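In: Okay, sequence plus prediction incoming.
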There are 2 protein chains.
Amino acid sequence: MIERNHLEILRAVNQQGSLTAAAESLHLTQSALSHSIRKLEQQLGTSLWVREGRQLRLTQSGEYLLSLANRLLPQFEHAGMVIDQYARGQRGTLRIGMECHPCYQWLLKVVGPYLQNWPGVDVDVKQKFQFGGIGALFGYDIDLLVTPDPLHRPGLVFEPVFDYEQVLVVAQSHHLAGREWLEPVDLEKETLITYPVEIERLDIYTKFLLPENTAPARHKTIETTDIMLQMVAAGRGVAALPRWLAVEYSEKMALKPIRLSKEGIAKQIFLGVRERELNVDYLSSFMAMARDVRWR
Amino acid sequence: MIERNHLEILRAVNQQGSLTAAAESLHLTQSALSHSIRKLEQQLGTSLWVREGRQLRLTQSGEYLLSLANRLLPQFEHAGMVIDQYARGQRGTLRIGMECHPCYQWLLKVVGPYLQNWPGVDVDVKQKFQFGGIGALFGYDIDLLVTPDPLHRPGLVFEPVFDYEQVLVVAQSHHLAGREWLEPVDLEKETLITYPVEIERLDIYTKFLLPENTAPARHKTIETTDIMLQMVAAGRGVAALPRWLAVEYSEKMALKPIRLSKEGIAKQIFLGVRERELNVDYLSSFMAMARDVRWR
DNA sequence: AACGATCCATGAATATAATTCACAATGGCT
DNA sequence: AGCCATTGTGAATTATATTCATGGATCGTT
């Protein structure tokens, strides 16, 4: 069997020109190298060099093995460095799962700087999970879960990284635009636009409308935040979104955020990871950066 | 350092699905494999699998190493087979040196069948040598020398493979065409065409003309046998060549071979090799086939 | 031709690494 | 709980690699 160290020998002898020098460069005695070579040649059943006086000349087999060495050794060496980066947590693919639609805008703010700091780490964002975000974490489909609904389980750790208020967004020309805050009944004549997810995962239903047994006049779903807010700005409906998102968009569109209920709806975004991986550098670093994102 | 056997482990575990099965396929005890893996993971500073109950799941490092294994191991395996072919003398490049111009035609007759028999062997023919054919043999520029002039030296072996007669070739319409044999004086009015080599290597001079202190009227040199004989057939000169070559060409051209001197000039072609390589299969086989070539 | 310097090969002794053996620990299944 | 199959562990053993000490060969030098 041709082993890596055999290839190292071929390369070293070729580079150094003599066994003595090659042995030195391999941190071996000349004797050890000589033994190794003899054994290798025996094993292969062919000599690798012809000894001409003190000169060594490669045989055809030797030439062939040398070319193999020059091809394979760099790959071993590169792989060694890559593995070392993995080991030090400086390389990897950070697979992020998202369980809340508007979080995507927030995530973008974290990912940009993160990629700068961790050139060896690729980020991958997934949004659909067969068995929910928690299942994806357990099943190693993702390494990090962004969710407003932490579900504590042994082996998983959730940490809040961002507080925000869920508000209703209306057009500035909307008849509710002047209100300080709204009650559920205020939405009975409105068209509510949401992301296309189950009602149980929509706070405006679970925390606002359903407790009062209220419902909007119409309910439309739209996939993307941009289009959703275009519709709202055009007076075609109202939407429930994080306040910071509404504020951001109101720079470009005629929007107005309004508090839902007198106290408002307070929300948090959590990051969940597998407990065992809490100390992986590129993971914990992401969580730290996520906590530190500042909002004007 | 990542070693070949580490890659073997990755591949085996991945293929077999369990350590026990992998150990079996590697002809090891499960214990040995377990030890190896632990040591490897320690060495790399990263785990390669996460143990989930009895399930093993590759980590990112593990995935990376597995892909390396799938890339490199086949190359090792292929190289092993190639080296084995080298070792058994079934593969190599047979570098043939030629020191006699017309031998080329003869060589072609040997090389054809030889290539059929030795699919792993490439044949390379060289005709120019800085330090002569013998020097090229000693200097490992060639493995086999085709020459009419064996020069016995320690470490080299020459073997005659082909006897032939050197004759003068003239056009059938030539005024000498009717003669049984020629004397040196017969060439005094003729134009002699030879290959462009030193006179000392031309038998017609060393064995025929010079001993009688004779010389042809003119001496032209031409590189290729075909053109040379075209010239001869056109009556533009005469040439000294092996009889079998003349016979072969006289099927297409109006040529006539004539004996030089009453006894004729007998020649032999020798094959020279390095003594040490006499037992290399693809070399000795070539010599055997060279001896066996039959001439109609 | 003799000499010293350098290089490679070899055998025995030693150090290091790999493998086995015996058994403990774990997790899944009935 | 008990059983089976799997993986992990430490000590003992075996195999392998390396060194040490030495000898032989080659080449350049005087």
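Out: Nice, I can see it. Here the structure is a predicted model, which means the values were calculated and not measured.

In: Not counting sequence-adjacent ones, nearest residue to whatever residue of the stretch 101-250 of chain A ends up closest to DNA strand C?
Out: Of all residues in the stretch 101-250 of chain A, residue A:155 sits closest to DNA strand C, at 11.4 Å by C-beta to the nearest atom of the strand. Heads up, the C-betas are built off the backbone N, CA and C, glycines and all. Closest residue to residue A:155 apart from its sequence neighbours, by C-beta to C-beta, 6 or more residues apart in numbering or on different chains: residue A:275 at 5.3 Å.

In: burial of that neighbour, as a residue count?
Out: 12 (other C-beta atoms under 10 Å in any protein chain shown).

In: who's in contact with it?
Out: Residues touching residue A:275, when contacts are defined by C-beta atoms under 8 Å, 6 or more residues apart in numbering or on different chains, comprise A:154, A:155, A:156, A:157.

In: so who does the second one touch?
Out: When you say that, I think you mean residue A:155. A:138, A:274, A:275, A:276.

In: so of those residues, which ones are in helices?
Out: Assignment to helices by DSSP state H places the following of those there: residue A:138.

In: Please list the residues of the stretch 151-296 of chain A that sit near DNA strand C.
Out: Near DNA strand C, no residue belonging to the stretch 151-296 of chain A is found when assessed by C-beta under 7 Å from any atom of the strand.

In: how about the nearest residue to residue A:147 once chain neighbours are set aside, phi and psi?
Out: Nearest residue to residue A:147, sequence neighbours excluded (C-beta to C-beta, 6+ apart): residue A:99, at 3.9 Å. Summarising the backbone geometry of residue A:99 under the convention degrees, to the nearest 10, its torsions are phi -110, psi 10.

In: OK, contacts around residue A:99?
Out: By C-beta under 8 Å, 6+ apart, the residues touching residue A:99 are A:129, A:132, A:133, A:145, A:146, A:147, A:148, A:149.

In: any chance of these in CSV, with distance to residue B:49, secondary structure and neighbour count too?
Out: Converted to CSV, those look like this (distance: C-beta to C-beta, whole Å; DSSP: H, G, I helix; E, B strand; the rest coil; neighbours: other C-beta atoms under 10 Å in any protein chain shown):
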residue, distance to residue B:49, secondary structure, neighbour count
A:129, 24, coil, 18
A:132, 25, helix, 15
A:133, 24, helix, 24
A:145, 23, strand, 27
A:146, 27, strand, 25
A:147, 28, strand, 22
A:148, 33, coil, 19
A:149, 31, coil, 18
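
In: now, the most widely separated pair of these?
Out: Spanning the widest gap among the contacts of residue A:99 are A:129 and A:148, at 15.1 Å by C-beta to C-beta.

In: Which stretches in the stretch 101-250 of chain A count as strands?
Out: Shown for the stretch 101-250 of chain A, the strands assigned by DSSP state E, counting those that start in this stretch span residues A:121-126, A:144-147, A:156-171, A:181-182, A:191-194, A:218-221, A:238-242.

In: Now residue A:74: which helix or strand?
Out: Taking DSSP states H and E as the definition, one finds residue A:74 inside helix A:60-87.

In: how about the residue of the stretch 51-200 of chain A found nearest DNA strand C, what does it touch?
Out: Nearest to DNA strand C in the stretch 51-200 of chain A, going by C-beta to the nearest atom of the strand, is residue A:54, at a distance of 4.7 Å. If a contact means C-beta under 8 Å, 6+ apart, then residue A:54 has residue A:18 as its contacts.

In: ok, now how distant is it from residue A:22?
Out: Shown here: residue A:54 relative to residue A:22, a distance of 14 Å by C-beta to C-beta, to the nearest Å.

In: before we move on, what about residue A:119?
Out: Plainly put, residue A:119 is 36 Å away from residue A:22 if you go by C-beta to C-beta.

In: what's the answer for residue A:290, then?
Out: Summarising the geometry, the distance separating residue A:290 from residue A:22, computed by C-beta to C-beta, is 52 Å.

In: got it, and residue A:99?
Out: Applying C-beta to C-beta, one obtains 59 Å for the distance of residue A:99 from residue A:22.

In: do residue A:52 as well
Out: Between residue A:52 and residue A:22 the distance is 17 Å, computed by C-beta to C-beta.

In: For the two, indicate the residue with more neighbours.
Out: When neighbours are counted by other C-beta under 10 Å, residue A:52 and residue A:22 differ, and residue A:22 comes out ahead with 23 against 12.

In: ok, residue A:146 to residue B:128 distance?
Out: For residue A:146, the distance to residue B:128 (C-beta to C-beta) stands at 73 Å.

In: ok, now residue A:107?
Out: Distance, residue A:107 to residue B:128, using C-beta to C-beta: 71 Å.

In: Over to residue A:290?
Out: In this view, residue A:290 and residue B:128 are 73 Å apart by C-beta to C-beta.

In: okay, now the closest residue to residue A:171 other than its chain neighbours: neighbour count?
Out: Distance criterion C-beta to C-beta, 6+ apart; nearest residue to residue A:171, sequence neighbours excluded, is residue A:235 at 4.6 Å. Here the number of neighbours of residue A:235 (other C-beta under 10 Å) works out to 15.

In: and residue A:235, what does it touch?
Out: When the contact criterion is C-beta under 8 Å, 6+ apart, the partners of residue A:235 are A:171, A:173, A:174.

In: Surely the second one and residue A:254 touch.
Out: Yes - with the criterion set as C-beta atoms under 8 Å, residue A:173 and residue A:254 qualify as a contacting pair; they are 6.9 Å apart.

In: Would you mind naming what in chain A lies close to chain B?
Out: A:1-5, A:44-46, A:50, A:57, A:59-61, A:64-65, A:68, A:71-72, A:75-76, A:79-80, A:82-84, A:86-88, A:92-93, A:140, A:276 (C-beta under 8 Å from any C-beta of the partner chain).

In: Quick check: buried residues in the helix or strand that contains residue A:14?
Out: Assigned by DSSP H and E, residue A:14 belongs to helix A:4-16. Taking 16 or more other C-beta atoms under 10 Å in any protein chain shown as the basis for neighbour counts, the residues of helix A:4-16 that come out buried are A:4, A:5, A:6, A:7, A:8, A:9, A:10, A:11, A:12, A:13, A:14.

In: same question, stretch A:194-209
Out: A:194, A:195, A:201, A:202, A:203, A:204, A:205, A:207, A:208, A:209.

In: What residues does the stretch 1-150 of chain A have near DNA strand C?
Out: Contacts of the stretch 1-150 of chain A with DNA strand C, taken as C-beta under 7 Å from any atom of the strand, map to A:18-21, A:30-31, A:34-35, A:37-38, A:51, A:54, A:56.

In: Restricted to helices, list those residues.
Out: Checking these against DSSP H, those in helices are A:19, A:20, A:21, A:30, A:31, A:34, A:35, A:37, A:38.

In: if I look at residue A:78, how far off is residue B:110?
Out: Between residue A:78 and residue B:110 the distance is 47 Å, computed by C-beta to C-beta.

In: And residue A:205, by the same measure?
Out: From residue A:205 across to residue B:110, the span is 91 Å (C-beta to C-beta).

In: just residue A:227 next, same as before
Out: Relative to residue B:110, residue A:227 is positioned 80 Å away (C-beta to C-beta).

In: Compare the two (neighbour count), which wins?
Out: residue B:110 (22 against 11).

In: That one touches residue B:289, doesn't it?
Out: Yes - if you go by C-beta under 8 Å, residue B:110 and residue B:289 touch, sitting 5.7 Å apart.

In: now the residue in the stretch 101-250 of chain A that DNA strand D sits nearest to, nearest residue through space, not along the chain?
Out: Distance from DNA strand D to each residue of the stretch 101-250 of chain A (C-beta to the nearest atom of the strand) is smallest for residue A:140, at 17.3 Å. For residue A:140, the nearest residue in space outside its immediate sequence neighbours is residue B:57; the separation is 6.2 Å by C-beta to C-beta, 6+ apart.
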